[in-house]
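>>> Sharing a model prediction with you, sequence too.
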Amino acid sequence: MLVLARIMKANDLIRHLTTNEKSVAEGYDYIITIDKVFWDNTKEVDRERVIRHELRHTFFDIDAEDNPYKLVDHDITDFYAEVEMNRDDPRWRGRCASLTADIYDQMKESGRKVQRSKKTPIEIAAEKGKV
């Protein structure tokens with residue numbers, strides 16, 4: 001399955017490494033990764049859609065005793081708010097995924113090296129439940 005983007009909570013190491021006294025005092029709370037082929041071959045409106053979608057997974061739990069930064073799953077196979085916002089192009093995600101998959105196939109057929117994003121240490125840690 002082709003993943004156009006994903007969001008994950010930053011672990012303590014990432015928060016520490018992204019700390020910046022001038023702008024981000026406590027480091028990043030979330031990390032979003034986006035497929036480069038998708039990004040390089042789509043319009044700005046689709047880039048905004050995928051970022052907006054990933055950001056809808058974020059939730060700040062003010063009552064949490066430990067880390068208030070949470071991730072939430074979809075309301076439906078999408079988010080209700082996005083269904084309304086993407087009324088002009090309800091199949092945008094499938095269109096973008098198909099375009100990106102086709103580009104990867106063309107690269108493979110032409111003998112060019114397909115550089116799908118390898119899993120980052122953050123993604124590996126997230127899958128193991130350490131993020």
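In hand now; what should we look at?

>>> I'd like to know how many residues surround Asp88.
Around Asp88 there are 7 other residues, counting by other CB atoms under 10 Å. Backbone N, C-alpha and C define where each C-beta goes, glycine included.

>>> With Asp46 instead?
Look at Asp46: counted by other CB under 10 Å, it has 19 neighbours.

>>> Setting aside sequence neighbours, what's the nearest residue to it?
Spatial nearest neighbour of Asp46, excluding adjacent residues (CB to CB, 6 or more residues apart in numbering): Cys96 at 5.3 Å.

>>> and the longest helix belonging to the chain, what does it pack onto?
If you go by DSSP state H, the chain has its longest helix at helix 92-109. Where contact means 3 or more CB pairs under 8 Å, 6 or more residues apart in numbering; DSSP states H and E, helix 92-109 is packed against helix 36-40, helix 44-55.

>>> for the record, mean pLDDT for it?
For helix 92-109, mean pLDDT rounds to 84.

>>> Stretch 26-33 now?
Throughout stretch 26-33, pLDDT has a mean value of 90.

>>> what secondary structure does Phe59 sit in?
Counting by DSSP: H, G, I helix; E, B strand; the rest coil, the backbone at Phe59 sits in strand.

>>> which residues sit in contact with it?
Phe59 is in contact with Tyr69, Lys70, Leu71, Val72, counting by CB atoms under 8 Å, 6 or more residues apart in numbering.

>>> now do Tyr28
Tyr28 is in contact with Ala10, Ile14, Arg15, Thr18, counting by CB under 8 Å, 6+ apart.

>>> tally of neighbours for the nearest residue to the third one once chain neighbours are set aside?
So the one you mean is Arg15. Spatial nearest neighbour of Arg15, excluding adjacent residues (CB to CB, 6+ apart): Gly27 at 3.4 Å. Using other CB under 10 Å, Gly27 has 15 other residues around it.
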